[in-house]
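> give me the fold of what follows.
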Amino acid sequence: MPVQGLDQERALMHPLPTLEFENCELKRATISRYSLVKFDGNFYSIPDTYRPRYITLKMLVDRIEFLDGNDIIAVHRRLAGNQSIRLISLITSRLFIANRVRSQIPEF
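Numbering: from 1, shown residues only. Just a heads-up that it's a prediction; the model follows:
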């Protein structure tokens, strides 16, 4: 009987891993002097405070996360095609920087 075989196999089975699996690809990239990163023929903007330096791109199916060390400095929807540009608005960029600075101020 298949049920008896399953009971025998259960004794030998190991528990499933508890770590989350994220289907992504990592790549190093340079921020240009215009605060743009080129990936897959398209350009994505980064806040001005991070240029020029190397960062890590975390490419997921639907978006790209731009990492400076362990900090996420920008997230963009992934563009299809070539020679497209995805920009962060100045307001979004300023709010992102203000929130980052505010989070680093110690509370008394």
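> show me the shaky parts of this structure.
1, 82-108 (pLDDT under 70).
> taking the centroid of it, which residue is nearest it?
Glu65 (2.5 Å; C-alpha atoms, centre = their mean).
> ok, that one - contacts?
Residues near Glu65 by C-beta atoms under 8 Å, 6 or more residues apart in numbering: 57-58, 72, 74-75. For glycine as for every other residue, the C-beta is placed from the backbone atoms N, C-alpha and C.
> confirm that Thr49 sits in a helix.
Yes. According to DSSP: H, G, I helix; E, B strand; the rest coil, the state of Thr49 is that of a helix.
> burial measure for it, as a count.
13 (other C-beta atoms under 10 Å).
> over to Ile31?
If we define neighbours as other C-beta under 10 Å, then Ile31 has 24 of them.
> for it, which non-adjacent residue is closest in space?
Spatially, and ignoring its direct neighbours in sequence, Ile31 is nearest to Arg51 (4.3 Å; C-beta to C-beta, 6 or more residues apart in numbering).
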